[in-house]
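K.L.:
what shape does this take:
(one chain, ligands or ions: 1)
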Amino acid sequence: MVLGSLGVKSSVLGVGLIVYLIYKTFEPASVPVTLALLVVLPGLLTAMVQNQFDNIFLAIAEVYGGYWTILVICVAGYRVSPVHPLATFPGPLQCKVSKLWVTYKATHGNLHKYVHELHAKYGDVAPTSSQYVMQTQLNRSCGTHRKAHNGSVSQLDGITDMSVYPKRRKPWNRGTSVAAVKGYEEFLVSVLRELISALEQRQGQAINLPAWMVYTAFDFMGEMSLSRQFNNVMAGSDTTGFIGAIEVGVNQLAWISHIPWCAPFMPLLGKMLGDSGSWRSVQKIGSEAVRARIEAGSGRRDLFHHLMDGDDLEDDKPAIETVASDGILAIIAGSDTAATALSHVFYFLLRDPKCMERLREEVQSVYPGATDTMLDFAKQADMPYLNACINEALRLNPPVLSGLQKQVIKATTIGSYFIPEGTVASAHHYSMHRDPRYFYPLPDQFWPERWLIQDTYTLPSGEVVTKDQLVHNKSVFVPFSIGMRSCPGKSIAMLEMRAVLCALVQKFEVTAAPGSSLEEWEGNMRDVFITFLGPLMVNVKARY
Ligand code: HEM
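P.N.:
Below is the predicted model of the structure:
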């Protein structure tokens with residue numbers, strides 16, 4: 001008997017090619033279709049040709065091996081071929097062939113550094129796969145475009161259908177309006193008072209600053225969005241497990257954001273990554289908070305109140321499931337991000353005591369002595385150095401380091417590159433913010449002065465530069481992204497960051513704990529969809 005006769009080989013080749021064309025044209029991603037095309041079909045083929053083999057195992061090996069090899073060769077061959085629409089783009093071969101390489105980088109937390117290197121090597125348009133990561137230009141045109149599918153269809157950030165999106169975004173715009181945000185200040189005050197009291201009790205101990213920023217941000221988001229008291233600050237721990245579950249679950253988002261078709265396989269993927277149900281826990285804790293909020297009624301003007309149209313402004317009420325999932329989204333999207341930014345501001349201030357001192361002087365000038373910083377938050381928006389410190393930290397280490405992906409709806413060009421419709425692209429915030437063409441001098445250094453409006457600037461070295469020598473391109477500063485899909489929580493986050501900084505800088509001397517290595521901390525930051533930070537141990541001492 002001839003092992004793997006010509007007939008068998010051509011059948012496997014023919015079916016493999018047809019299935020490749022199906023994948024290329026329709027991109028099926030559902031579990032049943034994937035199983036049918038990748039497992040059942042070669043199984044049927046094996047059954048048909050098995051009488052040509054000595055035994056069934058040889059038939060399986062030959063048919064399945066041949067079938068999958070053909071698919072891989074077709075996919076990879078097309079991607080590196082000159083007929084691929086993005087063939088003229090320069091870039092590493094492994095990136096052109098598959099998204100697995102960039103996914104590997106993302107899941108290991110190195111994506112921001114890797115893409116930064118790609119930009120240094122290839123320029124503004126740096127491919128990381130059939131997706132392109134680029135700097136300024138696309139970001140502007142990208143703002144209104146659809147997002148690539150991130151696997152969550154029910155929450156605002158997962159909506160790709162732009163005929164649905166504006167309607168879903170409207171309640172968010174209402175809930176983040178100036179008037180609505182003013183109403184959230186009382187929630188912030190109660191969390192901040194708890195934070196001050198908790199830190200007073202921990203004087204003399206080394207505390208992990210990023211953890212405390214996370215407790216603060218979660219407590220505020222819980223109160224602000226769902227009137228839910230997590231009490232993390234009071235307990236000094238992750239009371240519900242919500243924080244931990246989100247941080248574990250984000251690893252899966254790092255996969256899905258680069259390989260969206262693996263979304264239906266999330267439960268399996270989670271198990272492979274050693275995650276036994278973090279998103280289930282997030283949903284469970286979130287749903288429980290939503291249920292409690294619904295039972296309590298809409299007495300409080302929290303974000304949920306606005307999302308569910310508690311003021312009866314719309315004829316068409318939003319579905320409660322939609323409001324529930326967006327309420328949970330606010331906690332997820334708004335907590336880690338703000339906590340990361342705050343940790344970075346403190347980190348830079350700890351590294352540069354002169355900046356810390358200058359900030360304290362400004363706080364003292366606005367709130368003399370022990371004047372309560374929480375009585376009037378409006379003043380904080382007009383404190384130039386405070387805002388400069390926040391912006392400078394957001395510039396150097398934006399919490400969403402690599403930006404989120406968008407899909408080009410209408411073909412466009414960037415420089416000499418043609419970007420076809422449907423290309424997935426993202427603006428790399430980390431690289432853009434450190435580009436000397438946009439921020440100069442000291443693009444990689446924390447220098448808040450660049451945000452102040454002055455005629456001359458004194459650099460840390462003592463050198464003086466005039467405002468004409470300074471390059472400060474604010475249009476490239478996009479930590480919250482820009483356009484229709486930009487972060488709706490920006491004003492809430494800014495309110496929170498200013499308030500936490502003012503309160504802590506006024507009240508405490510914050511110093512690096514003995515033995516804590518400031519130099520290593522920033523290098524250990526990991527870009528896994530959101531930023532993961534290592535411990536930053538500090539001592540706090542009340543100033544009065
Ligand atoms: C320093 C803090 C924050 C940063 C740096 C940040 C950054 C971002 C970025 C870069 C995006 C992606 C926008 C895009 O797709 O282009 C985003 C989306 C989003 N953020 Fe924020 N964010 C912060 C705080 C918050 C807060 C406090 C909330 C909630 C109150 C929030 C809610 C959201 C939501 C719901 C989205 C999805 C918007 C959409 O897809 O339409 N964020 N954020």
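K.L.:
CA atoms for contacts and neighbours, from now on please.
P.N.:
Noted.
K.L.:
contacts only, for whatever residue of the stretch 201-350 of the chain ends up closest to the ligand.
P.N.:
Per CA to the nearest ligand atom, residue 334 is where the stretch 201-350 of the chain lies closest to the ligand, at 3.3 Å. Taking CA atoms under 8 Å, 6 or more residues apart in numbering as the contact definition, residue 334 lies against 217, 221, 489, 493.
K.L.:
and the closest residue to the third one other than its chain neighbours, how far from residue 251?
P.N.:
Of all residues beyond its chain neighbours, the one nearest residue 489 is residue 176 (6.5 Å), with distances taken as CA to CA, 6 or more residues apart in numbering. Residue 176 is 29 Å from residue 251, where distance means CA to CA, to the nearest Å.
K.L.:
do residue 71 as well
P.N.:
Taken as CA to CA, the span from residue 71 to residue 251 is 28 Å.
K.L.:
apart from its chain neighbours, what residue comes closest to residue 528?
P.N.:
Nearest to residue 528 is residue 109, by CA to CA, 6+ apart, at 5.0 Å.
K.L.:
list phi and psi for that neighbour.
P.N.:
phi 80, psi 10 (degrees, to the nearest 10).
K.L.:
and the pLDDT for it?
P.N.:
If you check residue 109, the pLDDT there is 89.
K.L.:
tell me where this protein is predicted with low confidence.
P.N.:
Along the chain, segments meeting pLDDT under 70 span 1-4, 126-153, 273, 276, 298.
K.L.:
helices of the stretch 351-500 of the chain, start to end?
P.N.:
353-366, 384-396, 429-433, 490-507 (DSSP state H, counting those that start in this stretch).
K.L.:
of all those, which one is nearest the ligand?
P.N.:
helix 490-507 (4.4 Å).
K.L.:
helices and strands around that closest one, which ones?
P.N.:
Contact analysis of helix 490-507 by 3 or more CA pairs under 8 Å, 6 or more residues apart in numbering; DSSP states H and E lists helix 178-201, helix 320-351, helix 353-366, helix 384-396 as its packing neighbours.
K.L.:
let me have those helices in CSV, extended by distance to residue 36.
P.N.:
Converted to CSV, the helices and strands packed on helix 490-507 look like this (distance: least, CA to CA, whole Å):
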stretch, distance to residue 36
helix 178-201, 51
helix 320-351, 32
helix 353-366, 62
helix 384-396, 47
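K.L.:
tell me which two of the contacts of residue 334 sit farthest apart.
P.N.:
Largest separation among the contacts of residue 334 by CA to CA: 217 and 489, giving 12.6 Å.
K.L.:
neighbour count winner among those two?
P.N.:
Here residue 217 and residue 489 are compared on neighbour count by other CA atoms under 10 Å; more neighbours surround residue 217, at 30 against 20.
K.L.:
was I right about that one contacting residue 338?
P.N.:
Yes. The criterion here is CA atoms under 8 Å, and residue 217 meets it with residue 338 at 6.6 Å.
K.L.:
got the domain ranges for this structure?
P.N.:
The record's domain parsing of the chain by the TED database lists 1-80, 95-122, 156-352+508-542.
K.L.:
span of the last one from start to end?
P.N.:
To tie it back to what came earlier, the one meant is domain 156-352+508-542. 42 Å.
K.L.:
repeat for the shortest one
P.N.:
End-to-end distance for domain 95-122: 13 Å, by CA to CA.
K.L.:
give the buried residues for that domain.
P.N.:
95-100, 102-103, 105-107, 109-113, 115-116, 118-119 (16 or more other CA atoms under 10 Å).
K.L.:
now, those residues that are in helices?
P.N.:
Per DSSP state H, helices hold the following members of these: 95-97, 100, 102-103, 105-107, 111-113, 115-116, 118-119.
K.L.:
what distance do you get for residue 302 to residue 110?
P.N.:
Residue 302 is 37 Å from residue 110, by CA to CA.
K.L.:
what do you get for residue 80?
P.N.:
For residue 80 relative to residue 110 (CA to CA), the value is 25 Å.
K.L.:
and for residue 540?
P.N.:
With CA to CA as the criterion, residue 540 and residue 110 are 32 Å apart.
K.L.:
do residue 468 as well
P.N.:
For residue 468, the distance to residue 110 - CA to CA - is 36 Å.
K.L.:
now do residue 211
P.N.:
On the measure of CA to CA, residue 211 and residue 110 end up 22 Å apart.
K.L.:
how about residue 177?
P.N.:
Distance from residue 177 to residue 110, by CA to CA: 36 Å.
K.L.:
could you do residue 269 as well?
P.N.:
Counting by CA to CA - residue 269 and residue 110 are separated by 20 Å.
K.L.:
now swap in residue 45 and tell me
P.N.:
42 Å.
K.L.:
in the stretch 151-300 of the chain, which residue sits closest to the ligand?
P.N.:
Closest point on the stretch 151-300 of the chain to the ligand, by CA to the nearest ligand atom, is residue 157, at 3.2 Å.
K.L.:
number of nearby residues for that residue?
P.N.:
20.
K.L.:
so which bits of the chain are right by the ligand?
P.N.:
Contact residues, the chain versus the ligand (CA under 6 Å from any ligand atom): 156-157, 329-330, 333-334, 337-338, 341, 398-400, 403-404, 479-481, 485-490, 492-493.
K.L.:
for ChimeraX, what selects the buried ones among the residues you listed?
P.N.:
To isolate the buried members of these in ChimeraX, using 16+ other CA under 10 Å:
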select :156,157,329,330,333,334,337,338,341,398,399,400,403,404,479,480,481,485,487,488,489,490,492,493
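K.L.:
and stretch 289-299, how far out from the chain middle?
P.N.:
Stretch 289-299 sits 28 Å away from the centroid of its parent chain (CA atoms, centre = their mean, to the nearest Å).
K.L.:
who touches it?
P.N.:
Here stretch 289-299 has contacts from 226, 227, 228, 305, 310, 324, 327, 328, using CA under 8 Å, 6+ apart.
K.L.:
likewise for stretch 452-464?
P.N.:
So stretch 452-464 is in contact with 384, 385, 388, 449, 450, 465, 466, 467, going by CA under 8 Å, 6+ apart.
K.L.:
mind listing what the fifth one touches?
P.N.:
Under the criterion of CA under 8 Å, 6+ apart, the contact list for residue 450 reads 388, 457, 470, 472.
K.L.:
possible to save the residues you listed as TSV with neighbour count?
P.N.:
Shown next, in TSV, are those (neighbours: other CA atoms under 10 Å):
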residue	neighbour count
388	18
457	18
470	15
472	19
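K.L.:
of those, closest to residue 530?
P.N.:
residue 388 (22.9 Å).
K.L.:
ok, the closest one - contacts?
P.N.:
Neighbours of residue 388 in contact, by CA under 8 Å, 6+ apart: 448, 449, 450, 451, 452.
K.L.:
so what's residue 518 up against?
P.N.:
Here residue 518 is in contact with 347, 351, 512, 536 (CA under 8 Å, 6+ apart).
K.L.:
the same query, at a cut-off of 10 Å, please.
P.N.:
Residues in contact with residue 518, defined by CA atoms under 10 Å, 6 or more residues apart in numbering, are 347, 348, 350, 351, 512, 536, 537.
K.L.:
doesn't residue 250 make contact with residue 266?
P.N.:
No. Assessed by CA atoms under 10 Å, residue 266 is found out of contact with residue 250, at 11.7 Å.
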